[in-house]
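> the amino acid sequence is not available; the structure is as follows:
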């Protein structure tokens, strides 16, 4: 959502408040940042492959062009990753939105093994270009020590310098097909979730649950002794879709609820998830909301499975239970 649309929505909701758009934008909290990257997904897989593809594009369009004078069958790849993927796979049939599974797996005889991708001997280790170094970046979980002797973990971007020939081998044999399968599953699941949200029947709850990253609370006006101190909390997010009391099959009235729970449990334990679902179901009973099925969309496979007994605690109201998992990022 753009700032302009958010400002217009604010004026509609609070017409009694008179404020210009400039002052409205200046009043936003310090932790709200404008997203300058026009992408639809910020998961780890997409971000990493975007960085890898930039290196691949740089190798083919810059290093190769500047160092090879004779003619070569390699060409600069498309700037768009989407066009690159479509160029290495077989064309989709008319009316189909997904590629064939053998094409996605790389086992199809026509396009398997990236046969449509031009190969160049200049990018091998025996050529000067193949020995040049490029920065291979990947997010990894690293361990670091703190003053009290404890070891903490964090996810950070790790950079390693590898030769062009090694990068091309990793990119072609592993990274491309991992990304292709990931985007295929993510797109299919997105379609399935939209279909589930728009068609789920009466007597059903549809939920999306996930943990946010540990949020650090750092006061802006802090005394000197607190400069290196911050308090971290875990935020458990639950978005629930359910039918209103007067909803019918002909006239669907869907209610959306947002639930945010804060905890000092930094390990995202299954006990905390169980405790939350107990609280959620008890709140439904207090509001006299009875449902016979609960569809949960989440990537927390193990934690949700361990909560099965908790989810069935109200056996008279929750005789059926179903969980749909999202793609791992």
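Structure's in. What do you need? In this text, all values refer to a predicted model and were calculated from it rather than measured experimentally. Numbers count the residues shown, from 1 in each chain.

> could you pull out the helices for this protein?
3-13, 21-26, 44-58, 64-67, 81-88, 101-105, 164-170, 176-199, 270-286, 301-306, 308-311 (DSSP state H).

> got those as JSON lines, with mean pLDDT columns?
Putting those into JSON lines (pLDDT from 0 to 100) gives the following:
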{"stretch": "helix 3-13", "mean pLDDT": "82"}
{"stretch": "helix 21-26", "mean pLDDT": "85"}
{"stretch": "helix 44-58", "mean pLDDT": "89"}
{"stretch": "helix 64-67", "mean pLDDT": "72"}
{"stretch": "helix 81-88", "mean pLDDT": "89"}
{"stretch": "helix 101-105", "mean pLDDT": "88"}
{"stretch": "helix 164-170", "mean pLDDT": "90"}
{"stretch": "helix 176-199", "mean pLDDT": "88"}
{"stretch": "helix 270-286", "mean pLDDT": "84"}
{"stretch": "helix 301-306", "mean pLDDT": "57"}
{"stretch": "helix 308-311", "mean pLDDT": "55"}
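
> turn those into a markdown table, columns for distance to residue 123 and mean neighbour count.
For glycine as for every other residue, the C-beta is placed from the backbone atoms N, C-alpha and C. Putting the helices of the chain into a markdown table (distance: least, C-beta to C-beta, whole Å; neighbours: other C-beta atoms under 10 Å) gives the following:
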| stretch | distance to residue 123 | mean neighbour count |
| --- | --- | --- |
| helix 3-13 | 44 | 12 |
| helix 21-26 | 47 | 12 |
| helix 44-58 | 10 | 17 |
| helix 64-67 | 7 | 14 |
| helix 81-88 | 16 | 15 |
| helix 101-105 | 24 | 15 |
| helix 164-170 | 5 | 19 |
| helix 176-199 | 15 | 15 |
| helix 270-286 | 48 | 16 |
| helix 301-306 | 39 | 14 |
| helix 308-311 | 51 | 14 |
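
> quick one, which of the ones you listed gets closest to residue 138.
Ranking the helices of the chain by proximity to residue 138 (C-beta to C-beta) places helix 44-58 first, at 5.9 Å.

> sorry, back to before: right, so of the helices of the chain, which gets closest to residue 241?
Among the helices of the chain, helix 176-199 sits nearest to residue 241 (C-beta to C-beta), with 6.0 Å.

> circling back to that earlier point, dump the helices of the chain to CSV, plus distance to residue 75.
Formatted as CSV, the helices of the chain follow (distance: least, C-beta to C-beta, whole Å):
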stretch, distance to residue 75
helix 3-13, 40
helix 21-26, 44
helix 44-58, 11
helix 64-67, 10
helix 81-88, 10
helix 101-105, 22
helix 164-170, 15
helix 176-199, 17
helix 270-286, 51
helix 301-306, 42
helix 308-311, 54
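
> out of those, nearest to residue 207?
helix 270-286 (8.7 Å).

> thinking again about what came up before, any idea which of the helices of the chain gets closest to residue 95?
Residue 95 lies closest to helix 176-199 among the helices of the chain, at 15.0 Å (C-beta to C-beta).

> for the closest one, packing partners?
helix 44-58, helix 81-88, helix 101-105, strand 293-298, strand 322-325 (3 or more C-beta pairs under 8 Å, 6 or more residues apart in numbering; DSSP states H and E).

> other SSEs contacting the third one?
What it means is helix 101-105. Using 3+ C-beta pairs under 8 Å, 6+ apart: helix 101-105 touches helix 176-199.

> list of residues touching the helix it packs on?
Contact partners of helix 176-199, identified using C-beta atoms under 8 Å, 6 or more residues apart in numbering, comprise 41, 43, 45-46, 49, 81, 85, 88-89, 98-99, 104-106, 114, 206, 241, 254, 295, 297, 324, 326-327.

> residue 236: which of the helices and strands packed on helix 176-199 is closest?
Closest among those, using C-beta to C-beta: strand 293-298, at 10.9 Å.

> how about the helices of the chain, which one is nearest residue 119?
Among the helices of the chain, the nearest to residue 119 by C-beta to C-beta is helix 164-170 (9.2 Å).

> and for that closest one, what's in contact with it?
55-56, 59, 63, 123-125, 129-134, 136.

> if we use 10 Å, what do you get?
Contact with helix 164-170 is made by 52, 55-56, 58-60, 63-64, 119-120, 122-136, 161-163, 175-176, as judged by C-beta atoms under 10 Å, 6 or more residues apart in numbering.

> just how off-centre is it within its chain?
Here helix 164-170 is found 27 Å from its chain centre; the criterion is C-alpha atoms, centre = their mean, to the nearest Å.

> what does stretch 181-192 give?
Centroid separation between stretch 181-192 and its chain, computed with C-alpha atoms, centre = their mean, is 11 Å.

> show the pLDDT at residue 200.
Per-residue confidence (pLDDT) for residue 200: 91.
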